[in-house]
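Student: sequence plus predicted model, see below.
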Amino acid sequence: MLPPIPHTLAIPTKKGRVSFLRFFYFCCLFFVVAGAPFTSVQAQTVTTVKGTIKDALTKEPLIGVSIFIPGTNVGASTDLEGNFSLKTTQTQTKVQFTYLGYKPVTRDIALGQAQVLNILMESDARQLKEVVIKGRSRNYSNKNNPAVDLIRLVVDNKNKNRLESYDYVQYHQYDKLQLSLTNTPENLRNNILLRKYDFVTKNIDTTILPGLGVLPLYLQESLSQHYYRKDPEKRKTIVEADKQVNFGEFVNVKNYVKHMYQDIDIYKNNITILTNQFLSPIADLSPTFYRFYITDTVVVDGQKLTELSFSPKNETDFLFTGKLYVTTDGNYAVQKVDMGVGKSVNINWVRDLQITLDFERLPNGRYNLSKSVLKTDFAVTGNSKGGVYGERTLSFKDYQVNQPQPGTLYEGEAEVKAPVAEVRDDNYWAANRHDSLSVTEANTYTSIDSLQNTRSFKRTVDYATLFIAGYKKAGPYFEIGPVNTFYNYNPVEGFRLRAGGRTTTAFSKKVMFETYAAYGFKDEKWKYNLLGTYSFTDRSIFDFPVRAIRANYQKDTKIPGQDLQFIQEGNILLSLNRGNNDKWLYNETYYVDYLHEFNNHFSYRVGFKNWKQSPAGTLEYLPANYTAPPTEGTDNAKPAGLQSITTSQLQLELRWAPHEEFVQGKLYRFPIASRYPVFTLRASAGVKGLFGGDYDFQTVAMNISKRFYWSQLGYSDVAAEGGYIFGKVPFPLLTIHRANQSYFYQVQSYNLMNFLEFVSDQYASINIDHSFNGFIFNKLPLIKKTKLRELATLKVLYGKVREENNPTKNQDLLRFPTYASGLPITYTLDRKPYVEASLGVGNIFKVFRVDVVKRLTYLDNPDVSELGIRTLFKFDF
């Protein structure tokens with residue numbers, strides 16, 4: 001029975017007394033029914049532990065220390081100040097502190113109380129084993145992650161830690177780059193191309209790569225003094241010494257390997273390596289793409305550093321894996337970086353890639369880069385023993401900061417080379433290199449110099465030139481080619497044979513001749529060409545900067561408006577075409593021009609061109625008011641039209657390509673795509689009566705092209721162009737837009753436009769070719785192993801023809817070409833723009849690209865393809 005109500009409890013009213021009794025009896029009943037559980041809940045009091053953890057020796061706070069209650073999942077970690085806070089309702093009476101490189105600490109705690117524990121942790125002197133981070137995405141989080149908090153502080157302090165933060169800075173730099181063959185030593189000695197050259201194979205180094213021999217074949221070095229000024233921003237490089245292995249006229253690899261092995265700046269958001277952009281681990285968005293872990297603390301030269309390990313969240317993205325060491329003095333500067341590229345990254349031909357960056361502490365307490373090493377191991381497949389090993393080492397010393405230099409120092413070109421830079425003797429190099437060469441490196445110069453003078457090596461180079469460039473030597477002064485133009489077939493000439501060649505630098509460095517002759521077995525006509533070039537420098541006519549005059553006479557066939565780009569005229573590949581392709585031109589051209597290039601990559605070209613063009617095949621130059629007579633169309637009847645058009649044009653081209661680099665050989669040169677824009681302005685004036693010119697007119701066209709890098713999203717090649725023709729001209733002198741009826745993709749042509757389909761006297765266009773670099777495919781489970789890359793293009797062309805140049809409005813002109821049925825072949829773009837787009841897959845077998853091209857406008861034009869598949873051969877990393 002429940003106890004009676006105590007007499008000392010006063011209830012003022014009857015109604016209140018009844019209510020209280022009900023409440024009291026309810027509470028007592030609850031205690032009886034649920035007494036045990038209720039008592040247990042009351043016993044679960046909260047225990048709070050907080051404090052600061054520091055290094056026992058330096059008294060500096062430790063970041064990312066793990067704090068946990070043994071036997072439970074309750075834990076915490078210290079923040080950037082070494083502080084922590086932990087709350088628990090568990091009954092355990094101990095808390096444990098662990099940190100990599102330090103001895104674990106265990107302390108007793110009082111249950112149900114708030115308490116402060118300040119811990120001093122002692123360093124563990126034992127050698128640490130390598131730490132392998134295998135974070136699981138479901139457990140990893142950027143939130144409340146001390147490592148991510150630290151990397152964000154590094155990002156926030158990037159600008160003040162970069163070299164560009166100084167008002168002035170100067171330093172001395174040594175640059176060494178080496179390329180070597182790799183394989184087992186036995187395989188290198190028995191290599192079919194090397195076994196007869198024992199003076200080369202005796203230089204094999206077995207100390208660089210475990211289990212493999214390294215045979216150096218190329219070495220280049222330079223010493224230079226660098227200056228930087230912030231306001232106005234200006235850089236100046238004075239090259240004091242420069243030398244490299246010389247392979248003769250076969251190839252000059254210096255500029256291309258420099259493009260492959262670009263400078264590594266960890267403070268930039270994106271780092272370009274082997275033509276691909278990788279996101280820096282301290283980029284602004286790095287926490288979005290990387291996992292970060294605090295894995296150790298070390299002391300170097302009295303400075304405490306935090307070791308941050310990082311790895312990609314998606315192992316196939318263009319990201320690094322490695323470690324960086326960060327100062328904890330409030331500057332959060334990078335002191336050292338060791339990182340590489342994982343095997344799953346979508347990059348071609350690379351078996352391994354490693355980067356090491358060392359930073360030196362200056363007297364002002366700041367850290368500047370002192371050494372940069374980039375090592376790459378190339379191979380056709382990852383399992384092959386043979387390959388190519390490349391290593392670039394940059395060394396920096398003698399930093400001087402905030403010491404102004406005269407303004408005249410920065411005038412002129414950004415990089416100048418001392419007159420004696422390329423003739424420095426061995427004593428100079430031995431005294432001024434930042435580090436001495438190894439024995440094998442030092443022997444590279446002499447062994448390759450001896451190699452290139454052997455007859456068998458020259459013969460090997462000769463055949464390699466035939467395979468790569470398409471030319472074969474015919475004596476010391478002349479080479480035959482290009483061989484891919486020797487045979488061709490087209491509807492006008494039928495079976496066509498061609499033979500030609502050019503002189504070599506052994507004939508003359510200043511003078512070059514190039515010629516060919518061709519014969520069509522259907523039209524039974526000879527075609528020929530003679531080109532002569534004279535250089536006003538002591539270098540080859542291809543060596544930058546060029547100053548040369550050129551004269552050319554050519555009599556040959558041509559597709560109207562066709563820009564062959566990277567496919568030479570007469571190439572056998574042009575024998576394969578879709579649709580109708582029987583409207584051609586017979587051209588007779590006299591051309592002379594002068595090209596002058598400047599060191600700042602601005603150039604101008606002035607010239608004169610006399611061009612006589614005659615219709616060939618089924619192409620006809622008929623008056624706009626022409627009406628076919630009833631007898632036309634029989635075998636002995638052919639409409640009478642204009643037989644030819646002759647123009648005499650004065651031409652000017654201005655081009656500016658800042659920071660442009662080339663793959664440079666003795667007899668060729670082509671530019672390397674980069675992030676810098678290229679501006680080209682072309683203008684011409686046709687003069688009536690000058691050397692038989694039939695028309696007065698003027699043309700102007702502007703082209704701007706640039707590669708845009710979008711970090712992990714790949715890159716876009718964008719070209720914008722516009723042009724205008726002043727004066728009244730017939731359709732052959734209008735802009736005949738670049739079409740492509742072959743099955744091979746052409747980047748700057750319209751791949752589903754027919755030849756002669758569109759003409760304009762004013763136009764504007766934009767072409768966008770974007771490569772995602774595998775950004776999408778890399779996320780798909782099975783496809784990512786193929787390392788395919790996604791491509792997308794969009795090409796838009798606006799145009800117009802004024803009434804004075806439109807034969808439907810002006811009867812004084814030549815009519816647009818038509819099919820035999822009378823349907824028009826040629827149109828204007830007055831109604832709407834021409835648009836085509838494509839989606840493609842690249843990196844097929846690492847060298848092929850296949851696009852599905854869709855034509856979006858003017859689908860009602862006769863004999864057009866709405867959809868097409870095109871392919872392209874492209875070597876890329």
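Tutor: Looks like it arrived, so ask away. Residues are numbered from 1 along each chain as shown.

Student: Phe708 belongs to a strand?
Tutor: Yes. Phe708 sits within a strand when classified using DSSP: H, G, I helix; E, B strand; the rest coil.

Student: residue contacts, it?
Tutor: Applying C-beta atoms under 8 Å, 6 or more residues apart in numbering to Phe708 gives the contacts Arg675, Tyr715, Ser716, Val718. For glycine as for every other residue, the C-beta is placed from the backbone atoms N, C-alpha and C.

Student: mind doing that once more with 7 Å?
Tutor: By C-beta atoms under 7 Å, 6 or more residues apart in numbering, the residues touching Phe708 are Tyr715, Ser716, Val718.

Student: looking at neighbours, which among these is most surrounded?
Tutor: Most neighbours among these, by other C-beta atoms under 10 Å: Tyr715, with 20 neighbours.

Student: now do the contacts for the closest residue to it other than its chain neighbours.
Tutor: Nearest residue to Tyr715, sequence neighbours excluded (C-beta to C-beta, 6 or more residues apart in numbering): Tyr709, at 4.8 Å. Taking C-beta under 7 Å, 6+ apart, we find Tyr709 in contact with Asn270, Gln277, Arg675, Tyr715.

Student: mind putting those residues in TSV, secondary structure and pLDDT included?
Tutor: Below are these laid out as TSV (DSSP: H, G, I helix; E, B strand; the rest coil; pLDDT from 0 to 100):
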residue	secondary structure	pLDDT
Asn270	strand	92
Gln277	strand	88
Arg675	coil	86
Tyr715	strand	92
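
Student: make a PyMOL selection of the buried ones in those residues.
Tutor: The following PyMOL line selects those of the contacts of Tyr709 that are buried, judged by 16 or more other C-beta atoms under 10 Å:
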select buried, resi 270+277+715
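
Student: and stretch 462-476, how far apart are its ends?
Tutor: Stretch 462-476 has an end-to-end distance of 11 Å (criterion: C-alpha to C-alpha, to the nearest Å).

Student: give me the mean pLDDT for it.
Tutor: Throughout stretch 462-476, pLDDT has a mean value of 81.

Student: buried set for that stretch?
Tutor: Thr465, Leu466, Ala469, Gly470, Tyr471, Lys472, Lys473.

Student: with adjacent residues omitted, what lies nearest to the first one?
Tutor: In other words, Thr465. Closest to Thr465 by C-beta to C-beta, 6+ apart is Tyr471, at 5.6 Å.

Student: try the fourth one
Tutor: Leaving aside its sequence neighbours, Gly470 sits nearest to Pro482 (C-beta to C-beta, 6+ apart; 3.5 Å).

Student: surely the one you found is in contact with Tyr471?
Tutor: Yes. Using C-beta atoms under 7 Å, Pro482 is in contact with Tyr471, at 6.3 Å.

Student: which stretches of the stretch 1-150 of the chain have low pLDDT?
Tutor: 1-44, 73, 100, 124-138 (pLDDT under 70).

Student: for it, which segments count as strands?
Tutor: In the stretch 1-150 of the chain, the segments counted as strands under DSSP state E, counting those that start in this stretch are 47-55, 66-68, 75-77, 83-88, 94-98, 105-108, 114-116, 119-121.

Student: Tyr267 and Tyr228, how far apart?
Tutor: 14 Å (C-beta to C-beta, to the nearest Å).

Student: wait, I meant Asp717
Tutor: According to C-beta to C-beta, Asp717 and Tyr228 sit 31 Å apart.

Student: between the two, which is the more surrounded one?
Tutor: Higher neighbour count among Asp717 and Tyr228: Tyr228, with 20 against 17, using other C-beta under 10 Å.

Student: output the below-cut-off pLDDT ranges for the protein.
Tutor: For the chain, the ranges with pLDDT under 70 are 1-44, 73, 100, 124-138, 248-253, 255-256, 563-576, 628-640, 664-668.

Student: tell me what the helix or strand containing Ser309 is packed against?
Tutor: Assigned by DSSP states H and E, Ser309 belongs to strand 303-312. Using 3 or more C-beta pairs under 7 Å, 6 or more residues apart in numbering; DSSP states H and E, the elements in contact with strand 303-312 are helix 146-156, strand 290-300, strand 321-327.

Student: try 10 Å this time
Tutor: helix 146-156, helix 286-289, strand 290-300, strand 321-327, strand 334-340 (3 or more C-beta pairs under 10 Å, 6 or more residues apart in numbering; DSSP states H and E).

Student: what residues sit buried inside the first one?
Tutor: Applying a neighbour-count criterion of 16+ other C-beta under 10 Å, the buried positions in helix 146-156 are Pro146, Ala147, Val148, Asp149, Leu150, Ile151, Arg152, Val154, Val155.

Student: hey, C-alpha coordinates of the next helix or strand after it in PDB?
Tutor: Remark: after helix 146-156, the chain's next helix or strand is helix 158-161, criterion DSSP H and E. C-alpha atoms of helix 158-161 as PDB (Å, rounded to 0.1, in the frame of the first residue of the first chain):
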ATOM      1  CA  LYS A 158      50.400  30.800 -51.200                       C
ATOM      2  CA  ASN A 159      50.800  34.400 -52.500                       C
ATOM      3  CA  LYS A 160      53.200  35.500 -49.800                       C
ATOM      4  CA  ASN A 161      55.300  32.400 -50.100                       C
END
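
Student: and the contacts of helix 158-161?
Tutor: With contact meaning C-beta atoms under 10 Å, 6 or more residues apart in numbering, helix 158-161 is reached by 154, 165, 266-269, 280, 282-284, 327, 331-334, 359, 366-368.
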